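*Asks:* My questions concern the predicted model and sequence given below.
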Amino acid sequence: MDIENIFENDESPFDDQYNNNEKEEEIPSVWVFGYGSLCWNPGFEFTKCITGYIRGYVRRFWQGNTTQRGTLDKPGRVATLVEELEGITWGCAYKIAGPTALDYLKQRECKLGGYIVEYTKFYPRISSSDYRLSGEAFPVLLYIASHENDQWVGEETIASLAKHIVDARGSCGHNIEYLLRLATFMREELPDAQDEHLFELEEMVRMLMSHRNIALNTVMGRAPQRIRRDSFEEPRRPISFEFTSRVPETRLRCLNI
Ligand SMILES: N[C@@H](CCC(=O)N[C@@H](CS)C(=O)NCC(=O)O)C(=O)O
């Protein structure tokens, strides 16, 4: 999908009805779906973040990574989406305006990560009349690993994935951090969402860490920027992982982009 001129393209699927610009000046915007590190470390500026899901895909750690979370000698494993008819993948959608964020994602996701950009329908977890999101689905961009990219690994057992993750570290930090921060995002923001693959992998990695005496503080980098999600929702729990609504000031530190 060519997104170069998505803001000018009048055939764009992101037409005005989904801009939800009721309270924002009429500037063209698109939504990007995050289901891996984008859930906790978007690295780009956004104006809204809402939790929800997409249909027809499941999340799998079947994409290798020799840059941000691994090396050529010890490739890591990062999340991608695999088509599955009845599949559902939970994550969050970011509303972005202007091409800067997309240029950044092109570098981070496509150039460095081997992902391609597609789009699909996003179903918000919470509908809000205040936000003119009556719960109906709307189009989002998503970054998915093509099976042709040179870092594609394909199906692997949980045990094999866990071994790779425990052994891998890249320019953005340890591969364990990548997995645990995603699992924490899901538990804290989407406690009712199911994801057997993610949580079985987390359990196996934590078991390997225990067997190899790997201390958590040796694999977890700096706490990510706090993100306020579903801002039209009353706070559901004491403030913990995510709080203030702040547009990220820092870029993806490891890539300096
Ligand atoms: N496209 C997925 C995965 C994105 C992802 O995990 N990208 C990795 C590598 S390709 C990345 O940029 N990681 C930064 C980091 O690991 O901190 C998402 O929507 O979250």
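*Replies:* On my side now, so go ahead. Numbering: from 1, shown residues only.

*Asks:* From residue 83, how far off is the residue in the chain that the ligand sits nearest to?
*Replies:* In the chain, no residue comes nearer to the ligand than residue 113, which is 2.4 Å away by Cβ to the nearest ligand atom. Bear in mind the C-beta positions are built from the backbone N, C-alpha and C, glycine included. Remark: distance between residue 113 and residue 83 (Cβ to Cβ, to the nearest Å) = 19 Å.

*Asks:* which residues in this protein form strands?
*Replies:* 29-34, 48-65, 76-97, 115-124, 138-145, 169-170, 173-174 (DSSP state E).

*Asks:* Go through those strands and pick out the most buried.
*Replies:* Burial of those is given as mean neighbour count (mean count of other Cβ atoms under 10 Å); strand 29-34 ranks first at a mean of 24.

*Asks:* hmm, that strand in reach of the ligand?
*Replies:* Yes: counting by Cβ under 6 Å from any ligand atom, the ligand is contacted by strand 29-34 at residue 34.

*Asks:* That strand to strand 76-97, inter-axis angle?
*Replies:* 160 degrees (axes from the mean of the first three to the mean of the last three Cα atoms, to 10 degrees).

*Asks:* Low-confidence regions, the chain specifically.
*Replies:* 1-28, 128-135, 232-257 (pLDDT under 70).

*Asks:* Any chance you could note which residues of it sit beside the ligand?
*Replies:* Checking the chain against the ligand by Cβ under 6 Å from any ligand atom, the hits are 34-39, 41, 65, 68-69, 78-79, 108-109, 113, 115, 143, 172, 178, 252.

*Asks:* If we use 8 Å, what do you get?
*Replies:* 32-39, 41, 43, 63, 65, 67-69, 78-81, 91, 108-109, 112-115, 142-145, 170, 172-173, 177-178, 252, 254-255 (Cβ under 8 Å from any ligand atom).
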